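Undergrad: Just a sequence and a predicted model for now, questions to come.
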Amino acid sequence: MTTRSLHPGPLSKIEKAGPYLPLGLIAGLGAVLAYLWKWPCRFGGVWNAGVGQFTHYCYTDIYPLFWAERLNEGKIPYLDHPVEYPVGIGAIMEFARRLAGGDGVRFYDITVVLMGIALVAGVLLLGALAGRDRWHDALWYAIGPAVILCAFINWDLAAGALALGGLLAWARRRQYLAGVLLALAVATKFYPLMFFGALFLLTLRTGRWRPFLQTAGAAAVTWLAVNVPVMLANFDGWKRFYEFSRERGADWGSVWFFFQRVDRPEWLAFLGDPELLNGMAMAAVAVLLLGVAVLTLAAPRRPRLAQVCFLALAAFMITNKVWSPQFVLWLVPIAVLARPRPLPLLIWQLAECWYFFAIWRYLVTQVGGPEAYLGIGDGPYFLALWARALTVIMLMVLVVRDILRPEDDVTRTGGVDDRSGGVFDRAPDRFALRIRPRAAAQPAETT
């Protein structure tokens, strides 16, 4: 008779994968629920019935853009027709177009399958970033209410999977792979560029320049590799996204849209001036990002990478000229990594859901016609807009508090420093702004 050792050995591959099988299945369920949410549009025909897509809350950009971007005519994005998205989304459009055979509904279904795969991949990557003891935090991304409502409005889930893959590669100290994946994410949706700023700030504080430069170099090469061929083939088609971003005015969801639509005191009239919009938006995000930089360099203990990424991304979203409902998909995984406290996350998710329902009813009013009575006016809509903005600001304040009081950071219990920080994990300070005496001891460097 043999006896088993009381000391467990290394985890087997099956044991390591244990939490991720149910997580992947739940993410798959979330994707199915998101698809079924579009039932009145996909199977009931209300895509083509006036404001029905708004009153049934099943609008998506994917279906109408099949015609708006002339994909139904066999036009290749950028080469034959300019597209208002970065090249990553154009590539997904082209792939789905070739399989759709001129059918808009089939184009939507193929795109949904691709985005559903991206959601499952993103959830698994988030679970790996959160760690074996906190894998359940990824459920907010797998089956969160706002995720289900907004999953298939646009192509954002593809960028999310690439960005999370890049962050996981950084956490595993695979710097070149991190650069490649983050660059592909930026080439799909612009927002992951904020993560490079977070990496730079923590590099400045820790002095870990070689890994950062490896990642930045790989990212630059990758971004050029996927963009330059399109630029050379048709520069006017390629630059449409950047021109559109610069020229567009204040749009749905943004605080700038609120300032342009409501009466303001004379001394605040400039906030609604379309001629000043670009300058004000850039100045506002610059001020907030400067605050993030000072906080990162002056905090008593080096912030975690996810905390800095969250603050930078939230600052970018709050000051942006447009804040579409699906942008919640950008923030959910980073918010979960930055501060996985259930109550604040739930309050924010409820505000996001509130805004989701409000924007479609507001658009009913804006479209007008015999069904305009089904919509809502400026007052209820802007109440939902500010509820969402203020709950994101609430999360930012709580993350800042955790940075200033790291002993309250739930992910740093048990001697953990920054499990997704890669080379930043347990790194000592090389440069820091000492605005006030240090309030917490810096963890020792490990070799």
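TA: Everything's here; your move. Numbers count the residues shown, from 1 in each chain.
Undergrad: the helices in the stretch 1-150 of the chain, which residues?
TA: Ranges of helices in the stretch 1-150 of the chain, per DSSP state H, counting those that start in this stretch, are 13-17, 20-37, 39-42, 52-55, 62-68, 87-100, 104-130, 139-143, 145-150.
Undergrad: same check, this time on the stretch 301-447 of the chain
TA: 305-318, 328-338, 342-367, 378-404.
Undergrad: Export the helices of the stretch 1-150 of the chain as TSV, with columns for distance to residue 301, mean neighbour count and mean pLDDT.
TA: C-beta: built from backbone N, CA, C; applies to glycine. Below are the helices of the stretch 1-150 of the chain laid out as TSV (distance: least, Cβ to Cβ, whole Å; neighbours: other Cβ atoms under 10 Å; pLDDT from 0 to 100):
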stretch	distance to residue 301	mean neighbour count	mean pLDDT
helix 13-17	30	10	59
helix 20-37	30	18	96
helix 39-42	49	18	95
helix 52-55	48	20	95
helix 62-68	44	19	96
helix 87-100	36	20	97
helix 104-130	20	22	97
helix 139-143	26	23	97
helix 145-150	31	23	98
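Undergrad: and of the ones you listed, who's closest to residue 422?
TA: Of all the helices of the stretch 1-150 of the chain, it is helix 104-130 that lies closest to residue 422, at 10.7 Å by Cβ to Cβ.
Undergrad: how distant is the closest one from the center of its chain?
TA: Computed by Cα atoms, centre = their mean, to the nearest Å, the separation of helix 104-130 from the middle of its chain amounts to 14 Å.
Undergrad: Equivalent analysis for stretch 48-65, please.
TA: That offset, for stretch 48-65, works out to 23 Å (Cα atoms, centre = their mean).
Undergrad: First-to-last residue distance for that stretch?
TA: This stretch, stretch 48-65, spans 13 Å end to end (Cα to Cα, to the nearest Å).
Undergrad: Any idea how many residues pack against residue 406?
TA: By other Cβ atoms under 10 Å, 20 other residues sit near residue 406.
Undergrad: Just the pLDDT at the most centrally placed residue in the chain, thanks.
TA: Centroid-nearest residue in the chain, with Cα atoms, centre = their mean: residue 330, separated by 1.2 Å. On pLDDT, residue 330 comes in at 98.
Undergrad: Same question for residue 179.
TA: pLDDT for residue 179: 98.
Undergrad: ok so, going back, and the helices of the stretch 301-447 of the chain: which comes nearest residue 195?
TA: Closest to residue 195 of the helices of the stretch 301-447 of the chain is helix 305-318 (Cβ to Cβ; 5.1 Å).
Undergrad: Just list the residues touching residue 114, thanks.
TA: By Cβ atoms under 8 Å, 6 or more residues apart in numbering, the contact list for residue 114 reads 92, 95, 96, 158.
Undergrad: Please apply the same query to residue 286.
TA: So residue 286 contacts nothing (Cβ under 8 Å, 6+ apart).
Undergrad: From residue 340, how far out is it?
TA: Remark: distance between residue 286 and residue 340 (Cβ to Cβ, to the nearest Å) = 29 Å.
Undergrad: before we move on, what about residue 201?
TA: 22 Å.
Undergrad: neighbour count winner among the two?
TA: Taking neighbours as other Cβ under 10 Å, residue 201 and residue 340 compare with residue 201 leading, 22 against 18.
Undergrad: Next, the spatially closest residue to the more buried one that is not a sequence neighbour: secondary structure please.
TA: Nearest residue to residue 201 in three dimensions, chain neighbours excluded: residue 296, at 4.3 Å (Cβ to Cβ, 6 or more residues apart in numbering). Following DSSP: H, G, I helix; E, B strand; the rest coil, the label given to residue 296 is helix.
Undergrad: Pretty sure residue 296 sits against residue 309.
TA: No - if you go by Cβ atoms under 8 Å, residue 296 and residue 309 don't touch, sitting 10.8 Å apart.
Undergrad: the more surrounded of these two?
TA: residue 309 (28 against 24).
Undergrad: about what we covered before: in contact with the residue nearest to residue 201, which residues?
TA: Applying Cβ under 8 Å, 6+ apart, the residues contacting residue 296 are 198, 201, 202, 205, 302, 303, 308.
Undergrad: anything in contact with each of residue 296 and residue 309?
TA: With Cβ under 8 Å, 6+ apart, residue 296 and residue 309 have common neighbours residue 198.
Undergrad: Now do the same contact list for the closest residue to residue 102 other than its chain neighbours.
TA: In space, and not counting its chain neighbours, residue 102 is closest to residue 72: 5.7 Å by Cβ to Cβ, 6+ apart. Counting by Cβ under 8 Å, 6+ apart, residue 72 makes contact with 66, 102, 104.
Undergrad: Repeat that for residue 82.
TA: 236, 237, 240.
Undergrad: gap between it and residue 333?
TA: In terms of Cβ to Cβ, residue 82 sits 31 Å off from residue 333.
Undergrad: Also residue 296?
TA: Relative to residue 333, and taking Cβ to Cβ, residue 296 is found at 20 Å.
Undergrad: just residue 139 next, same as before
TA: Counting by Cβ to Cβ, the gap between residue 139 and residue 333 amounts to 11 Å.
Undergrad: and residue 373, how many neighbours does it have?
TA: Neighbours of residue 373 (other Cβ under 10 Å): 8.
Undergrad: what do you get for residue 230?
TA: Using other Cβ under 10 Å, residue 230 is surrounded by 21 other residues.
Undergrad: How about the host helix or strand of it, which residues are buried there?
TA: Residue 230 belongs to helix 209-233 when assigned by DSSP states H and E. Within helix 209-233, the residues that count as buried by 16 or more other Cβ atoms under 10 Å are 211, 212, 215, 216, 218, 219, 222, 223, 226, 227, 230.
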